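1. sequence below, structure please.
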Amino acid sequence: MIGSLTFRHYSSVEAEEITEQLIALYLDVHAGQGDFYGEDRYRRQLSAHRQRPGWVLVAAALNEELIGYVYGFPLAPDTRWWDGIEEPVPVGFTEEDGQRTFAICELLVRAQWRRQGVARALHDDLVRSRHEQRMTLLARPDNGPAQAAYRSWGWRTVTRLRPGWPDAPLFDVLVRDPGSTG
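-> Reported below is the predicted structural model:
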């Protein structure tokens with residue numbers, strides 16, 4: 001069934017036309033997971049992230065229905081991405097220059113489409129399009145399926161981080177080097 005899906009890359013400006021769909025899918029995926037996953041906070045996050053230079057989104061749809069997406073952006077020298085990181089980390093780990101690290105912020109797939117290769121296809125599409133030295137993402141330590149998938153796709157856990165958002169959970173910080181495969 002994955003062959004029936006269409007995948008499209010969106011710039012920040014192009015994604016404006018599907019903002020409400022992005023938010024609806026996020027709320028559907030995170031329903032019942034607490035205040036951190038609420039509409040107001042996510043709407044602010046999405047808006048702030050879309051302003052970052054190099055922001056890109058890859059969306060998967062079936063007959064115009066959004067069933068999943070992944071988005072991210074390169075980390076700027078003044079990034080706040082690493083705020084809340086637990087020490088120790090390797091020397092220079094959090095130093096950014098706008099070309100060193102691409103951060104994946106969200107990778108979401110509707111429940112009925114999970115375990116069918118959609119998340120992997122979205123992930124791989126985005127990863128293939130990047131030129132940064134490494135990639136990073138945050139994953140909840142208690143999300144076993146996501147953790148297993150990321151490990152099988154070449155990601156490794158470095159440390160943990162708690163973002164500065166109210167009610168933010170603790171996340172594992174994962175990194176993937178360009179040559180990683182899975």
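
2. the helices in the protein, which residues?
-> All helices of the chain, identified by DSSP state H, fall at 12-15, 19-29, 39-50, 118-128, 144-152.

3. what about the first one, average pLDDT?
-> Just to be clear, that refers to helix 12-15. Confidence for helix 12-15, expressed as mean pLDDT, is 95.

4. mind listing what's buried in it?
-> 12, 15 (16 or more other Cβ atoms under 10 Å). Glycine gets a C-beta too; all of them are placed from N, C-alpha and C.

5. starting at the chain centroid, how far to it?
-> On the basis of Cα atoms, centre = their mean, to the nearest Å, helix 12-15 sits 17 Å off its chain's mean C-alpha point.

6. list of residues touching it?
-> 22, 50-51, 55, 57, 71 (Cβ atoms under 8 Å, 6 or more residues apart in numbering).

7. between the helices of the chain, which gets nearest to residue 105?
-> helix 39-50 (5.7 Å; Cβ to Cβ).

8. tell me the helices and strands packed up against the closest one.
-> When contacts are defined as 3 or more Cβ pairs under 8 Å, 6 or more residues apart in numbering; DSSP states H and E, helix 39-50 sits against helix 19-29.

9. what's the angle from the helix it packs on to helix 39-50?
-> Interaxial angle of helix 19-29 relative to helix 39-50 (axes from the mean of the first three to the mean of the last three Cα atoms, to 10 degrees): 130 degrees.

10. chain center to helix 19-29: distance?
-> The answer for helix 19-29 is 14 Å, by Cα atoms, centre = their mean.
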